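Undergrad: please work out how this folds:
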Amino acid sequence: MPSGKTHDRITWLSTVPAFLGAWTLSQRMDVALLFTGSFLFAGLMFSGHLDTKSVQYKRWGWLRWMWIPYQRMVRHRSPFSHGPVLGLLARLVYLSVWVGLFFFGTTRAAEFLAQEAFASQTYALTHGTLNLMMQQPLLPGALFAGLWFGGLSHTGADMVVSTWKRWRRRSRKKINKRSRQH
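TA: So this is what the prediction gives:
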């Protein structure tokens, strides 16, 4: 497997082509920027390696504690961590639960503390974001596509390096076997 630094290089080097591809397809700056931002987020903080104490896990800083249950539930390199479809969906569902709990908790705490303005602002922010996403269907598509391609670049790099290492091992075995026969 590539190191964390190699995965980061791949993500950073892929950012400009990712932006240009999104811009070319959509001809919209907001879509291209959202795609590129979610691509970077997926590559640097939301990869399949959140199931271990990886660089991506450590980047979550004081919030990394929320990934501990995920690490206990998901086996490393399983389809739910490294799978191109199930891996992303598992992480999205898992993170969505935490985000939902956060918004629910802050809204309820604000209501309890009689901070109605804060509670209504939190509700308005959530409602406004959902409304925007429904009115602009390219935005959730760009968000999801960026997350998927960012994760896919990570998983793809793992697959390429693993295949290359396997091929090298087999080649060496063949060479060693031939040299012993002569």
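
Undergrad: tell me the buried residues in stretch 124-134?
TA: For stretch 124-134, a neighbour-count test (16 or more other C-beta atoms under 10 Å) marks nothing as buried. Where C-beta positions appear, they are placed from N, C-alpha and C, glycine not excepted.

Undergrad: centre of the chain to that stretch, how far?
TA: When distances are taken as C-alpha atoms, centre = their mean, to the nearest Å, stretch 124-134 is centred 22 Å away from the chain's centroid.

Undergrad: in this structure, which helix or strand is least confident?
TA: helix 116-135 (a mean of 72; mean pLDDT, DSSP states H and E).

Undergrad: show residues contacting that helix.
TA: 103, 106-107, 110-111, 139-140 (C-beta atoms under 8 Å, 6 or more residues apart in numbering).

Undergrad: same check, this time on stretch 19-35
TA: Stretch 19-35 is contacted from outside by 18, 36, 138-139, 142-143, 145-146, 149, using C-beta under 8 Å, 6+ apart.

Undergrad: then that stretch to CSV, C-alphas only?
TA: The C-alpha trace of stretch 19-35 is given here as CSV (Å, rounded to 0.1, in the frame of the first residue of the first chain):
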residue,chain,number,x,y,z
PHE,A,19,-11.4,20.9,-10.9
LEU,A,20,-10.9,21.2,-14.7
GLY,A,21,-13.0,18.1,-15.3
ALA,A,22,-15.8,19.4,-13.1
TRP,A,23,-15.7,22.9,-14.7
THR,A,24,-15.6,21.4,-18.3
LEU,A,25,-18.6,19.2,-17.5
SER,A,26,-20.7,21.7,-15.6
GLN,A,27,-19.6,25.1,-16.9
ARG,A,28,-20.4,26.4,-13.4
MET,A,29,-17.9,27.6,-10.9
ASP,A,30,-20.0,26.7,-7.8
VAL,A,31,-20.3,23.1,-9.0
ALA,A,32,-16.6,22.9,-9.9
LEU,A,33,-15.5,24.3,-6.5
LEU,A,34,-17.9,22.0,-4.6
PHE,A,35,-16.7,19.0,-6.5
